[in-house]
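**Student:** Predicted structure and sequence below. I'll ask about it afterward.
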Amino acid sequence: MKATDELATSTPGAADDAAGHTGVRRDTRSLRLATTLLWLVALGGLAQVALSLWFIVTGRLLFALGEGANPYLRLDRLPQLMQADLREGSDGIRLVELDWWIRALAWLPSVLIGVSLALGAWWGIRVLREIGAGRPFTAPVLGGLRRTGLVLSLGGIAAGLVDVAANAVFAYTMTGIDRESSWSSEYQVLGFTGGQWPLALIVVGVVCLAAGIAFRDGARLAEEADGVV
């Protein structure tokens with residue numbers, strides 16, 4: 001009977017310890033995985049910014065593999081164009097032949113998205129570090145969530161607005177009746193996207209802002225609990 005009682009009292013404790021250790025390992029593994037993913041997002045955002053700036057400055061591909069490969073980007077590679085049908089006998093327009101501001105306006109939304117991803121991921125990593133250290137309701141976490149939410153949501157909205165503006169500018173200034181001075185001189189049909197919105201980026205930003213509000217309330221409740229004896 002005594003042995004049974006000892007077994008009964010010791011078994012739950014052992015199970016709790018095992019569950020506790022397993023939970024710690026699971027949490028640590030999850031935080032490391034999340035941090036790694038955020039690092040990848042940050043690097044991807046920086047790579048997108050670098051590639052967009054390369055297109056703006058050079059109007060060329062990074063690599064042109066194969067014999068006779070053409071490294072120059074043509075008009076149909078603009079992000080705002082979804083259709084560009086050449087006129088008979090036309091070779092099209094190379095982006096290096098366009099004014100620099102056209103390339104800058106075309107890839108500015110991509111730059112904004114890349115910067116937003118890089119900054120949001122960096123602040124997200126700092127938030128995860130604080131949470132992993134057992135400080136989920138501190139000022140760095142609250143501030144990090146707020147900054148992450150703002151940069152993602154506002155960056156996504158800004159990128160969408162700029163893309164809509166780029167579509168409007170290109171449609172009304174570069175496809176005019178005067179074919180000698182417009183893209184219509186080389187293209188029979190030009191179709192524009194009308195503007196693309198990074199909805200996923202905006203939604204994630206709003207979710208981060210909501211999480212920041214929840215963590216702020218949690219911090220207030222934790223302070224009130226500390227004051228109760």
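**Tutor:** It's in. Numbers count the residues shown, from 1 in each chain.

**Student:** for the protein, what spans make up the helices?
**Tutor:** Here the chain has its helices, by DSSP state H, at 2-58, 100-132, 139-173, 199-226.

**Student:** Pick the most buried one from these.
**Tutor:** Each of those was scored by mean neighbour count; the highest is helix 100-132, a mean of 21, by mean count of other C-beta atoms under 10 Å. (Each C-beta comes from the backbone N, C-alpha and C, glycine too.)

**Student:** list the helices and strands that helix packs on?
**Tutor:** If contacts are counted by 3 or more C-beta pairs under 8 Å, 6 or more residues apart in numbering; DSSP states H and E, helix 100-132 sits against helix 2-58, helix 139-173, helix 199-226.

**Student:** Quick one: mean pLDDT for it?
**Tutor:** Mean pLDDT, computed over helix 100-132, is 94.

**Student:** what angle separates that helix from helix 139-173?
**Tutor:** Here the directions of helix 100-132 and helix 139-173 differ by 160 degrees (axes from the mean of the first three to the mean of the last three C-alpha atoms, to 10 degrees).

**Student:** now helix 100-132: how far from the chain's centre is it?
**Tutor:** Averaged C-alpha coordinates place helix 100-132 at 6 Å from its chain's average position (C-alpha atoms, centre = their mean, to the nearest Å).

**Student:** Kindly report the same for stretch 134-153.
**Tutor:** Counting by C-alpha atoms, centre = their mean, stretch 134-153 comes out at 17 Å from the chain centroid.

**Student:** Which positions within stretch 182-195 qualify as buried?
**Tutor:** Buried residues in stretch 182-195, counted by 16 or more other C-beta atoms under 10 Å: 183, 184, 186, 187, 190, 192, 195.

**Student:** For it, list the C-alpha coordinates in CSV.
**Tutor:** Provided in CSV are the C-alpha atoms of stretch 182-195 (Å, rounded to 0.1, in the frame of the first residue of the first chain):
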residue,chain,number,x,y,z
SER,A,182,4.9,57.3,-77.1
TRP,A,183,5.1,53.6,-76.4
SER,A,184,2.4,53.1,-79.0
SER,A,185,4.9,53.6,-81.7
GLU,A,186,6.3,50.2,-81.0
TYR,A,187,3.4,48.4,-79.4
GLN,A,188,0.0,47.7,-80.8
VAL,A,189,-1.7,46.8,-77.6
LEU,A,190,-0.7,47.8,-74.0
GLY,A,191,-2.5,46.5,-71.0
PHE,A,192,-2.0,47.8,-67.5
THR,A,193,-2.7,46.1,-64.2
GLY,A,194,-4.4,49.2,-62.7
GLY,A,195,-2.4,48.9,-59.5
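
**Student:** Name the nearest residue to residue 112, ignoring sequence neighbours.
**Tutor:** Excluding the flanking residues, the one nearest residue 112 by C-beta to C-beta, 6 or more residues apart in numbering is residue 159, at 4.1 Å.

**Student:** got it, and residue 174?
**Tutor:** residue 183 (4.8 Å).

**Student:** How about residue 155?
**Tutor:** Using C-beta to C-beta, 6+ apart, the closest residue to residue 155 is residue 116 (2.9 Å).

**Student:** Let's have the helices of the chain in JSON lines, adding distance to residue 78.
**Tutor:** Written out in JSON lines, the entries for the helices of the chain read as follows (distance: least, C-beta to C-beta, whole Å):
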{"stretch": "helix 2-58", "distance to residue 78": "9"}
{"stretch": "helix 100-132", "distance to residue 78": "5"}
{"stretch": "helix 139-173", "distance to residue 78": "8"}
{"stretch": "helix 199-226", "distance to residue 78": "21"}
